[in-house]
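Student: Here is a sequence together with a model predicted from it:
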There are 2 protein chains.
Amino acid sequence: MRTHYCGQVTETLVGEEVEVCGWVHRRRDHGGVIFVDLRDRDGIVQVVYDPDSPKVFEVAERVRNEYVLRCKGKVRFRPEGTENPNMSTGKIEIIGSSLEILNRSEPPPFLVEDETDASEEVRLKHRYLDLRRPEMLQRLKIRAEITRQLRSFLDQRGFMEIETPFLTKATPEGARDYVVPSRTHQGKFFALPQSPQLFKQLLMVSGMDRYYQVVRCFRDEDLRADRQPEFTQLDIEASFISEAQITNLMEDMFRDIFTHVLEVALPHPFPRMTYAEAIERFGSDKPDLRIPLELVSITDLMQEVEFKVFSGPANDPKGRIAALRLPKGGELTRKEIDDYTKFVGIYGAKGLAYIKVNDLSQGREGLQSPILKFLPDDVVDAIMQRTGAQDGDLVFFGADKATIVNEALGALRVKLGHDRGIIEHGWKPLWVVDFPMFEFDEKENRYVALHHPFTAPVGSVEQVAADPEQALSRAYDMVLNGTEVGGGSIRIHDPAMQQEVLKLLGIDAAEAKDKFGFLLEALSYGCPPHGGIAFGLDRLVMLMTGAQSIRDVMAFPKTQTASCPLTAAPTEISPAHLRELGLRQRQPAATE
Amino acid sequence: MRTHYCGQVTETLVGEEVEVCGWVHRRRDHGGVIFVDLRDRDGIVQVVYDPDSPKVFEVAERVRNEYVLRCKGKVRFRPEGTENPNMSTGKIEIIGSSLEILNRSEPPPFLVEDETDASEEVRLKHRYLDLRRPEMLQRLKIRAEITRQLRSFLDQRGFMEIETPFLTKATPEGARDYVVPSRTHQGKFFALPQSPQLFKQLLMVSGMDRYYQVVRCFRDEDLRADRQPEFTQLDIEASFISEAQITNLMEDMFRDIFTHVLEVALPHPFPRMTYAEAIERFGSDKPDLRIPLELVSITDLMQEVEFKVFSGPANDPKGRIAALRLPKGGELTRKEIDDYTKFVGIYGAKGLAYIKVNDLSQGREGLQSPILKFLPDDVVDAIMQRTGAQDGDLVFFGADKATIVNEALGALRVKLGHDRGIIEHGWKPLWVVDFPMFEFDEKENRYVALHHPFTAPVGSVEQVAADPEQALSRAYDMVLNGTEVGGGSIRIHDPAMQQEVLKLLGIDAAEAKDKFGFLLEALSYGCPPHGGIAFGLDRLVMLMTGAQSIRDVMAFPKTQTASCPLTAAPTEISPAHLRELGLRQRQPAATE
């Protein structure tokens, strides 16, 4: 139907007859002539209709925005002074010699432009129009490109893409499963996978050696923040491999996609940081290294001070007191400091102490702070020294349980970086390693796995059993600009170790057998040492395209309430269908 | 952990030290020496342990089948006369100098060999062992290769892979949907897609122009024959494209994968056959062209005969009488003919008349048949002539409603081809085109769509409305060796046509709006002319690998009762989870 995509019609075609198909991006009448900007996947080209060709002109007059046209005509240079240097086709135009309206369009509810003020609800309801906006199209293009490049990299290195089931058994990731009632086994349900974790481990037991899959995963969680009920994961597993080998290979993969898709060279190698150091310096296990602010521990300085707010946490083995120096923070207004105090409150901090550094040469007199009076000179001096404070700076303090201080100051650090523009351009990848194997869950009064129960700990069964609190895991997270883009580990391949870890997690033999007996059994039939990783594809594409939400890099996302304004899903099903599944609707309680 | 895969250790490495990891395929003691066949994804290599190295030998003595080993040693030529020409590594062996048992294995429930007598239930329960069998591994390898090659072909031709949702609305394919209860919208359900049909059409409305996806689809059907509740589809759609363009492109794609994966050259172009011709000649819309047997209509010859079995259908406008000549069929025994009579009974045929052709030169006397007495000479002569019967042949007859005759003789044709070895080697692709748009469903007393309701008919809205029975659709099916591997069509892009087709299908405006109002709305906002196709990947891989079942080309398939012996899915869920979904179990009736 066409000889070229719209965006391909450039000055090299001047004098030639071309045929293009696309949508009316804009139609203008100017001096009795009709100008149509015709848009397709590849770009926009201007087609001109002159009243001297009355038959074609008459058709052009009926054309409206978003009509679908097939246009034929000769390419010519635009008259001088009317070129558009921002378009690949900006030097030329097509003199329309024939015109077919392939389809009409109702007036669209919003203009198909990158800048749109339509609400997200309207955009999602008319997603097919929203996706016409060039920036949305571009994101899906880059997504396809990233996926292609990832596959190409892995194929070349001997990884086999293998599909795993979607109708399966509840996975042990711990979030709520989406379930699918079985008709042939009434009363029973399939679960949609939260990840193919167990299947990929089984594939290693099968000797597949190197597996990957770009795979949809599902979690029925409350959609706070930027989550989706279904998301896509690049899932990878390999046998006879060490932490160093898999992380190096994954780095190579990232360098490869960044080079090919963004023409950006990532560092080689990526820096590695222990979990302990990340928490200590950045209050987070996914530090954004573009922000040059750091937390400094001053717990030891505060044990003797009389100020309870500080001495309390300083003498609590689970407490922490940290300082965060903000260069030029002396400029902050009272209102701004109040806002930051509210901000850290979100993370449970009860306040946000600070010292303004006006003039260090004046000692105490050069400092300004409501807490100054509680701190002896030597403590104040030590703080100034440790934080490296300079005139004009401001030092924030957090004093509480370590978890609260880390979360609050870690988040404040990132917020200050953005608010104050103290953030480097570019890409800062990082491996975080040496995670603790277990976390003690106070509420449940038991250990929980920091990664998942199949992550291998460092050390022998006996060592882990003897001191679980100190056990490290062989896990690794890839962090990019403060976002965790992937996480993985070497897995347990020894059935005895797997049983010990499950025991430590409070999962008894019966529960273990019920939940993942098939994995335990598989481990006893010659399971190779193996490990792997999984990357969140949506989030990675979001980062790489600079989109603000993962919804902007998915063709048909759900809303925050897990529904689809376009199709109106979820919908009711027939009573007959429900009966076939052996189910009935629970009646709302009488009080409702 | 290793320098080479097992299968890579060939004579080029003689004299070198190598390290390999893998599974003990077999262990033999011979003349005081231990021979271990070590297996990995790439092949098998022989490692020899000599009692002269007592430390290593002692470890080797503990080794059993399916243990996981890491073996180091020097490569040497095998002693003369002990080479194995069937293995890539058959000329060499490794002299084991160090040996680590990486994991042990319980004695496996069946031997990891291509020839296995384990039941499918046992194989599926221990799928991780079953997949170790080289032929299973090979099938998954070829599956990955086919998928990669398909993607590569489509990427190069400007198709973008775009992901569509899995939690969506009931699709109009007509089979039963798998549904997913919504927790946040109690009483409502998502449906798992039977295909991304509507989404890919919406992507065309979005201007994506060329889309594809390798995508899981779901059907909650009774699993007769070789079906699976979830299966994988290569889904394709393009805009501004004609039937000829899309079918030619798809042919190119098939030639490409057959060349790359099987080194087979498929014909260029594929033959095209109308639906009417396929039914007439082969009784099937997916004829296996490898079998040179054909149906011949003799309906017209039978209108005057006195034999009711023939004259009845001959005078019924929906009847058909057809003959099927089997060369050398005179050899068939009475028992064989009885078995074929039973066979066609499956398809509703009430009998299977035949004429044995002993000696044509003797006229009637040279023929042998219980029905001969009912047929006048001229009819018999005409039958012999039309079927081209020769001495020694047998001619079968079907006389009934055309649908029954076609199904019965079409199936018999295929069965005879296989049973009698009248089947060509190689690959016979075919496009079947010019399908009827509608079929009249006697039971429901209404028209149903032969493809789906979005398939474009040939002709204008008025023409289709005036004579739906005669309307052809712009659909095309790709058939390969008698299997439908793909089907597609040019779609309706005109909202008026779409509404007319839905009306003809007995779907009123309210139902249409409820079911696919969003598609109808999308058509009114500038939908381009478009069309596409979908291929069943599992079935294609099955054909290309020569597997007997699609279960043999899926890593983790379900049984015929839609369950998984490995994970025991589906399973019960907790009462709390059920309550969260607003559901309760329907109590079995008291009589049960």
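Tutor: Everything's here; your move.

Student: any idea where the helices of the stretch 101-250 of chain A begin and end?
Tutor: Applying DSSP state H, counting those that start in this stretch to the stretch 101-250 of chain A gives helices spanning A:120-125, A:127-130, A:134-156, A:197-205, A:243-257.

Student: Kindly present the ones you listed as TSV, with separate columns for distance to residue A:342, mean pLDDT and mean neighbour count.
Tutor: Backbone N, C-alpha and C define where each C-beta goes, glycine included. As requested, those are exported to TSV (distance: least, CB to CB, whole Å; pLDDT from 0 to 100; neighbours: other CB atoms under 10 Å in any protein chain shown):
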stretch	distance to residue A:342	mean pLDDT	mean neighbour count
helix A:120-125	27	92	17
helix A:127-130	35	97	25
helix A:134-156	34	97	19
helix A:197-205	39	97	26
helix A:243-257	37	98	18
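
Student: Can you lay out those as JSON lines showing distance to chain B?
Tutor: Conversion of the helices of the stretch 101-250 of chain A to JSON lines gives the following (distance: least, CB to the nearest CB, whole Å):
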{"stretch": "helix A:120-125", "distance to chain B": "8"}
{"stretch": "helix A:127-130", "distance to chain B": "4"}
{"stretch": "helix A:134-156", "distance to chain B": "4"}
{"stretch": "helix A:197-205", "distance to chain B": "4"}
{"stretch": "helix A:243-257", "distance to chain B": "9"}
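
Student: Now the phi/psi pair for residue A:71, please.
Tutor: The phi/psi pair for residue A:71 (degrees, to the nearest 10) reads phi -120, psi 130.

Student: That one contacts residue A:101, doesn't it?
Tutor: No: using CB atoms under 8 Å, residue A:71 is not in contact with residue A:101; the gap is 10.2 Å.

Student: Leaving out sequence neighbours, find the closest residue to residue A:229.
Tutor: residue A:562 (4.9 Å; CB to CB, 6 or more residues apart in numbering or on different chains).

Student: And for residue A:436, the neighbour number?
Tutor: By other CB atoms under 10 Å in any protein chain shown, the residues close to residue A:436 number 20.

Student: Report pLDDT for it.
Tutor: Note for residue A:436: predicted pLDDT of 96.

Student: How about the contacts made by residue A:145?
Tutor: Contact analysis of residue A:145 by CB atoms under 8 Å, 6 or more residues apart in numbering or on different chains lists A:260, A:261.

Student: I'd like to know how far the nearest residue to residue A:561 once chain neighbours are set aside sits from residue A:566.
Tutor: Here the nearest residue to residue A:561 in space, its sequence neighbours aside, is residue B:184; by CB to CB, 6+ apart that works out to 5.5 Å. To residue A:566, residue B:184 is 17 Å away according to CB to CB, to the nearest Å.

Student: my guess is residue A:388 meets residue A:323, correct?
Tutor: No: here residue A:388 does not reach residue A:323: they are 10.2 Å apart, not a contact under CB under 8 Å.

Student: With neighbour numbers in mind, choose between those two.
Tutor: Comparing residue A:388 with residue A:323 by other CB under 10 Å, the one with more neighbours is residue A:323, at 24 against 12.

Student: my guess is the more buried one is in a strand, correct?
Tutor: Yes: assigned with DSSP: H, G, I helix; E, B strand; the rest coil, residue A:323 falls within a strand.

Student: That one bridge partners, please.
Tutor: residue A:296, residue A:397 (DSSP bridges).

Student: Does it touch residue A:298 like I think?
Tutor: Yes: Residue A:323 is in contact with residue A:298 according to CB under 8 Å; the separation is 5.4 Å.

Student: Assign a three-state SS to residue A:301, would you?
Tutor: helix.

Student: just residue A:477 next, same as before
Tutor: Here residue A:477 is strand, with the state taken from three-state DSSP.

Student: next one: residue A:98
Tutor: Classified using three-state DSSP, residue A:98 is strand.

Student: How much space separates it from chain B?
Tutor: Distance, residue A:98 to chain B, using CB to the nearest CB, to the nearest Å: 15 Å.

Student: so what's residue A:241 closest to, chain neighbours aside?
Tutor: That would be residue A:531: by CB to CB, 6+ apart, it lies 5.8 Å from residue A:241.

Student: picking that back up, look at residue B:184 and residue A:566 and report which has more neighbours.
Tutor: residue A:566 (26 against 15).

Student: hmm, back to that, which of residue A:71 and residue A:101 has more neighbours?
Tutor: Shown here are residue A:71 and residue A:101; by other CB under 10 Å, residue A:71 has more neighbours (25 against 15).

Student: Tell me the bridge partners for the residue nearest to that one when sequence neighbours are not counted.
Tutor: Excluding its sequence neighbours, the residue lying closest to residue A:71 (CB to CB, 6+ apart) is residue A:47, at 4.9 Å. When bridges are called by DSSP bridges, residue A:47 pairs up with residue A:36, residue A:94.

Student: what sits against residue A:47?
Tutor: A:20, A:35, A:36, A:37, A:38, A:71, A:73, A:93, A:94, A:95, A:96.

Student: if we go to 7 Å?
Tutor: Applying CB atoms under 7 Å, 6 or more residues apart in numbering or on different chains, we find residue A:47 in contact with A:36, A:38, A:71, A:73, A:93, A:94, A:96.

Student: For the helix or strand the second one falls within, give me every contacting residue.
Tutor: So that's residue A:38. Using DSSP states H and E, residue A:38 falls within strand A:33-40. Residues from elsewhere that reach strand A:33-40 (CB under 7 Å, 6+ apart): A:5-6, A:20-28, A:44-50, A:57, A:60-61, A:63, A:69, A:71, B:207, B:209.

Student: low-scoring stretches of chain A, by residue?
Tutor: Flagging of chain A using pLDDT under 70 yields the residue ranges A:171-173, A:588-592.

Student: tell me, which strand in it spans the most residues?
Tutor: Across chain A, the longest stretch assigned as strand under DSSP state E is strand A:17-30.

Student: Direction included, what does that strand pair up with?
Tutor: With DSSP bridges as the test, strand A:17-30 is paired with strand A:33-40 (antiparallel), strand A:68-77 (antiparallel).

Student: for the ones you listed, which one sits closest to residue A:122?
Tutor: Each of those has some distance to residue A:122 by CB to CB; the shortest is strand A:33-40, at 20.4 Å.

Student: Buried residues of the closest one, list them for me.
Tutor: A:34, A:35, A:36, A:37, A:38, A:39, A:40 (16 or more other CB atoms under 10 Å in any protein chain shown).

Student: got it, and stretch A:438-454?
Tutor: Quick answer for stretch A:438-454 (16+ other CB under 10 Å): A:438, A:447, A:449, A:450, A:451, A:452, A:453, A:454.

Student: neighbouring contacts of it?
Tutor: For stretch A:438-454, contacts defined as CB under 7 Å, 6+ apart pick out A:172-173, A:197, A:201, A:435-437, A:455, A:468-469, A:471, A:473, A:475, A:487, A:489, A:491-492, A:501-502, A:504-506.

Student: now the end-to-end length of that stretch.
Tutor: Terminal residues of stretch A:438-454 lie 12 Å apart, using CA to CA, to the nearest Å.
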